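In: Sequence and predicted model, in that order:
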There are 8 protein chains.
Amino acid sequence: MVQAFVLIQTEVGKASTVAEIVSKIPGVIQAEDVTGPYDVILRAQADTMDDLGRMVVAKVQQVEGITRTLTCPIVHL
Amino acid sequence: MVQAFVLIQTEVGKASTVAEIVSKIPGVIQAEDVTGPYDVILRAQADTMDDLGRMVVAKVQQVEGITRTLTCPIVHL
Amino acid sequence: MVQAFVLIQTEVGKASTVAEIVSKIPGVIQAEDVTGPYDVILRAQADTMDDLGRMVVAKVQQVEGITRTLTCPIVHL
Amino acid sequence: MVQAFVLIQTEVGKASTVAEIVSKIPGVIQAEDVTGPYDVILRAQADTMDDLGRMVVAKVQQVEGITRTLTCPIVHL
Amino acid sequence: MVQAFVLIQTEVGKASTVAEIVSKIPGVIQAEDVTGPYDVILRAQADTMDDLGRMVVAKVQQVEGITRTLTCPIVHL
Amino acid sequence: MVQAFVLIQTEVGKASTVAEIVSKIPGVIQAEDVTGPYDVILRAQADTMDDLGRMVVAKVQQVEGITRTLTCPIVHL
Amino acid sequence: MVQAFVLIQTEVGKASTVAEIVSKIPGVIQAEDVTGPYDVILRAQADTMDDLGRMVVAKVQQVEGITRTLTCPIVHL
Amino acid sequence: MVQAFVLIQTEVGKASTVAEIVSKIPGVIQAEDVTGPYDVILRAQADTMDDLGRMVVAKVQQVEGITRTLTCPIVHL
């Protein structure tokens, strides 16, 4: 199992809608609006790193209003 | 009461118009054109952090020509 | 109540120790090692934005090995 | 007369002291602690762009605990 | 007299055309295509900081294909 | 002979297609999807730095879905 | 098996030595000096994302002269 | 012949001395203090990309007070 934070930038004025939609994607555990260089931070999980990458590209990035996503895999050191 | 600087990037050629429009938004105390990585810097205030976030999304980010906003809440340490 | 994600950069080789120490600071709900531009992501809460700012400066930033923190307050839009 | 915002990054834990010290430098109009990618934002003025540059280098950057300054001159478009 | 470097990002595939056009703007001394985070670097001069700001907004940023400009005023310390 | 890594950002949802297309451009040795601040990393070679620059602008940046490229020439120190 | 590019920033003047040393770390496939925002780019592999994270922290980041590493896991979309 | 701009960040308070010293390095054509995200911008030339890389590492980066250099090779597209 792999988990990651995904730091999301949205088009201006879209943060709230984006957070609501991504929070319903299977595998997304948590999604919040934030201020600062990012607009939404979500936490997601998948079976493998490849699955996580696919989920971000195929599900998260399809949400209208998202302009950039930055995936930060959680590692257990 | 919460205050914040909002560092704004605009579409090329729109800085001046953006500064003028945002300066009239209620809660905006100050708005200036600047050069550098940002194009306009404004100072705003609201009752709570949530109000401030809403004001930036609902008022500031609705101004045409704004491409990114970076909210830096002022804290009294 | 205000919550925030704090994105932390550490000195090279210190991420693991930093994550462990910050996770024990009162008000810190969650702290994880990540890869990417940040090394540790934590989630914290405090009564007010000022309290949160003070907690980050007085508690989190005192942890040895932290070089930069980026506080992203959660807003309810 | 030239004015500028100076966005300041400090060593961890030094934001508060830095804001207090820089606020007393002649030519500094305003200095606040903020959260986000910067730690202190100040507003300063000088007679010319060169004077402003010298003031930042000779006065502001001499303050202990400052690691980076980013000067954003205010322009009247 | 104020001089500045202006670091320019362009739409993909437009660097060459942008460099050629901006090099003909009055006040632009030098304009080159570069690789790296910027696509074109130009050097310009104007009578005052405000004139320089106006020139960048009114002339340089009007060139089609430019997405961001970062003005770095030259200072004599 | 000059080699370089080209770090590519794509429109959301386009990383996979971009990686596939750029991998077929003559001179591109390697192209992979990655997560993080970049979406695709490729390795390319050309006879001279100018040829490499031209190849990135004329071939790589023409691929639909690419929003930014960052060329990092390999140097033998 | 997980592979990643690791984009490395070094202290000034250390790029060459760092590239040579990291290239000998087990799991590192490739390591080159580059110019631009990064100084060394390496390619590494490990059994799992956690192993990769540990390898970067325990082996790569221990190399003297490295100031930041940015791990970009390769994903097969 | 290869030319490049080298964007330099210095320790706080060192910009002026750094600009003066680097301007005397053989191959450096021009070096100026600037404000903004960089502190000094120089223009240099060398016979090959490798020579330029070596010059930056062996000569420019040896100057005390420099913390980061970002080399942007000029390309003729």
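Out: Everything's here; your move. Since this is a predicted model, take the numbers as computed values, not measurements. Residues are numbered from 1 along each chain as shown, chains lettered A, B, ... in the order given.
In: quick one: contacts for the closest residue to A:Val28 other than its chain neighbours?
Out: Once flanking residues are discounted, A:Val28 sits nearest to A:Ala44: 4.9 Å by C-beta to C-beta, 6 or more residues apart in numbering or on different chains. (C-beta placed from N, C-alpha, C; glycine too.) Residues near A:Ala44 by C-beta atoms under 8 Å, 6 or more residues apart in numbering or on different chains: A:3-4, A:6, A:25, A:27-29, A:52, A:55-56, A:60.
In: redo that, cut-off 7 Å
Out: Counting by C-beta atoms under 7 Å, 6 or more residues apart in numbering or on different chains, A:Ala44 makes contact with A:3-4, A:6, A:27-29, A:52, A:55.
In: again, but for A:Val6
Out: Residues in contact with A:Val6 (C-beta under 7 Å, 6+ apart) are A:42, A:44, A:56, A:60, A:69-71.
In: next SSE after the strand or helix carrying the residue nearest to A:Val28?
Out: Per DSSP states H and E: A:Ala44 is located in strand A:40-46. Per DSSP H and E, the first helix or strand lying C-terminal to strand A:40-46 is helix A:49-55.
In: Neighbour-wise, which one of the contacts of A:Ala44 leads?
Out: A:Ala4 (29 neighbours; other C-beta atoms under 10 Å in any protein chain shown).
In: confidence score at the nearest residue to that residue once chain neighbours are set aside?
Out: Excluding the flanking residues, the one nearest A:Ala4 by C-beta to C-beta, 6+ apart is A:Pro73, at 4.5 Å. At A:Pro73, the model reports a pLDDT of 95.
In: Validate this expectation: A:Pro73 resides in a strand.
Out: Yes. Counting by DSSP: H, G, I helix; E, B strand; the rest coil, A:Pro73 falls inside a strand.
In: Go ahead and confirm it touches A:Val2.
Out: Yes. Between A:Pro73 and A:Val2 there is a contact under C-beta atoms under 7 Å: 6.2 Å.
In: For those two, list the residues in contact with both.
Out: A:49, G:49.
In: between these two, who's got more neighbours?
Out: Using other C-beta under 10 Å, the more surrounded residue of A:Pro73 and A:Val2 is A:Pro73, with 27 against 21.
In: show me what contacts that one?
Out: By C-beta under 7 Å, 6+ apart, the residues touching A:Pro73 are A:2, A:4, A:49, C:34-35, G:49, G:73.
In: what do you get for A:Gln30?
Out: A:42-43.
In: Which helix or which strand is home to it?
Out: In the assignment (DSSP H and E), A:Gln30 maps to strand A:28-33.
In: what is the orientation angle of that strand with strand C:28-33?
Out: 110 degrees (axes from the mean of the first three to the mean of the last three C-alpha atoms, to 10 degrees).
In: Provide the strand pairings for strand A:28-33, with the direction of each partner.
Out: strand A:40-46 (antiparallel) (DSSP bridges).
In: Just the buried residues of the strand it pairs with, please?
Out: Across strand A:40-46, burial judged by 16 or more other C-beta atoms under 10 Å in any protein chain shown covers A:40-44, A:46.
In: Nearest to H:Leu77 among those residues?
Out: H:Leu77 lies nearest to A:Val40 out of these, by C-beta to C-beta, at 37.7 Å.
In: Wait, that closest one touches A:Asp33, no?
Out: Yes. The pair A:Val40 / A:Asp33 is scored as a contact, 5.9 Å apart, by C-beta under 7 Å.
In: what's the distance between A:Phe5 and chain C?
Out: Noted for A:Phe5: a distance of 5 Å to chain C, by C-beta to the nearest C-beta, to the nearest Å.
In: Who is A:Ile41 paired with across the strands?
Out: A:Leu7, A:Glu32.
In: can you pull the pLDDT of it?
Out: pLDDT, A:Ile41: 98.
In: swap in A:Gly13?
Out: 89.
In: Chain F contacts on chain A?
Out: Neighbours of chain F within chain A, by C-beta under 7 Å from any C-beta of the partner chain: A:53, A:57, A:61-62, A:66-67, A:69-71.
In: And those, which two are furthest apart?
Out: A:Gly53 and A:Thr67 (18.5 Å).
In: Neighbour count: those two, which is higher?
Out: A direct count of neighbours by other C-beta under 10 Å for A:Gly53 and A:Thr67 places A:Gly53 higher, at 25 against 18.
In: That one contacts G:Val75, correct?
Out: Yes. Counting by C-beta under 7 Å, G:Val75 is a contact partner of A:Gly53 at 3.0 Å.
In: Report the set of residues contacting both of the two.
Out: Joint contacts of A:Gly53 and G:Val75 (C-beta under 7 Å, 6+ apart) are F:33, F:35.
In: Phi, psi for A:Val22 please.
Out: When read as degrees, to the nearest 10, the backbone of A:Val22 gives phi -70, psi -30.
In: Got the confidence number for it?
Out: 97.
In: Just give me the neighbour total for it.
Out: A:Val22: 22 neighbours (other C-beta under 10 Å).
In: And A:Glu64, by the same measure?
Out: Using other C-beta under 10 Å, A:Glu64 has 11 neighbouring residues.
In: per-residue confidence for the residue in chain A that chain H sits nearest to?
Out: Chain H sits closest to A:Pro37 of chain A, with a gap of 14.7 Å, by C-beta to the nearest C-beta. Reported pLDDT at A:Pro37 in the predicted model: 93.
In: Once you drop chain neighbours, what's closest to it?
Out: Spatial nearest neighbour of A:Pro37, chain neighbours left out: B:Leu70 (5.9 Å); criterion: C-beta to C-beta, 6+ apart.
In: List the strands paired with the helix or strand where the one you found lies, with their directions.
Out: Assigned by DSSP H and E, B:Leu70 belongs to strand B:66-73. Applying DSSP bridges to the sheet, strand B:66-73 is found paired with strand B:2-10 (antiparallel).
In: now the partner strand: mean pLDDT?
Out: Here the average pLDDT along strand B:2-10 is 96.
In: Now find how far off-centre that strand is within its chain.
Out: Relative to the mean C-alpha coordinate of its chain, strand B:2-10 is positioned 4 Å out (C-alpha atoms, centre = their mean, to the nearest Å).
In: Next, count neighbours for the residue of chain A found nearest chain D.
Out: Using C-beta to the nearest C-beta, the closest approach of chain A to chain D is made by A:Gly36 at 5.1 Å. Residues within reach of A:Gly36, counting by other C-beta under 10 Å, total 22.
In: wait, doesn't it sit right on D:Tyr38?
Out: No. Between A:Gly36 and D:Tyr38 there is no contact under C-beta under 7 Å: 10.7 Å.
In: Which pLDDT value does the model give the residue nearest to A:Pro37?
Out: We have a pLDDT of 95 for B:Leu70.
In: Just the residues contacting the helix or strand hosting A:Glu20, thanks.
Out: Counting by DSSP H and E, the element that carries A:Glu20 is helix A:15-22. Helix A:15-22 is contacted from outside by A:8, A:10, A:28, A:31-33, A:39-40, A:42, A:60, A:63, A:65-66, B:57, C:77, using C-beta under 7 Å, 6+ apart.
In: Can you report how many residues lie near the spatially closest residue to A:Glu11 that is not a sequence neighbour?
Out: Nearest-residue entry for A:Glu11: A:Gly65, 4.9 Å, with adjacent residues in sequence omitted and distances by C-beta to C-beta, 6+ apart. Per other C-beta under 10 Å, the neighbour tally for A:Gly65 reads 19.
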